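below is the structure, and that's it, no one-letter string:
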């Protein structure tokens, strides 16, 4: 079974042209990860009304052979699109 989790997220107007929709597949990097490992996820349910505003999303860990244990309730992360930080968030529950 794939791991799912809920996040509070803010997308930056300075890095994106449109607000993401369901099916958005960025990477996230946990803020406390000294190795800066990119973790592939899918945002499959997004409630965001605009840029630079708090929104909420449900996420799915999409790769079978990736260790997603770094994703824990209360941890913060960067939303990465390649080398660009497109947003930030907090894991609310798993």
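Happy to help now that I have it. Quick caveat: nothing in here was measured; it's all calculated off a predicted structure. Numbers count the residues shown, from 1 in each chain.

relative to residue 66, how far out is residue 83?
19 Å (Cβ to Cβ, to the nearest Å). C-beta: built from backbone N, CA, C; applies to glycine.

sorry, wrong one. I was asking about residue 47.
Distance of residue 47 to residue 66, given as Cβ to Cβ: 26 Å.

looking at the two, which is more packed in?
The neighbour count for residue 47 versus residue 66, taken as other Cβ atoms under 10 Å, is higher for residue 66 (14 against 10).

mind listing residues that contact stretch 20-31?
Contacting residues not belonging to stretch 20-31 are listed as 11, 36-46, 48, 59, 62, 70-71, 75-81, 86, 89 [Cβ atoms under 8 Å, 6 or more residues apart in numbering].

for stretch 6-16, same thing?
Residues from elsewhere that reach stretch 6-16 (Cβ under 8 Å, 6+ apart): 19-20, 43, 48, 51-59, 77, 79, 81, 84-93.

between the two ends of it, how far is it?
22 Å (Cα to Cα, to the nearest Å).

does residue 45 have beta-bridge partners, and which?
When bridges are called by DSSP bridges, residue 45 pairs up with residue 58.

next: residue 79.
Beta-bridge partners for residue 79, by DSSP bridges, are residue 28, residue 87.

and it, how many neighbours?
When neighbours are counted by other Cβ under 10 Å, residue 79 registers 26.

ok, it - contacts?
9, 11, 26, 27, 28, 85, 86, 87, 88, 89.

so how do I select the buried members of the residues you listed in PyMOL?
Applied in PyMOL, the following selects the buried portion of the contacts of residue 79 according to 16 or more other Cβ atoms under 10 Å:
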select buried, resi 9+11+26+27+28+86+87+88+89
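
list just the nearest of the contacts of residue 79 to residue 3.
Residue 3 has its nearest neighbour among the contacts of residue 79 in residue 28, at 12.5 Å by Cβ to Cβ.

still on that earlier bit, now the contacts of stretch 20-31: which count as buried?
With neighbours counted by 16+ other Cβ under 10 Å, the contacts of stretch 20-31 contain buried members at 11, 39, 41-43, 46, 48, 59, 70-71, 75, 77-80, 86, 89.
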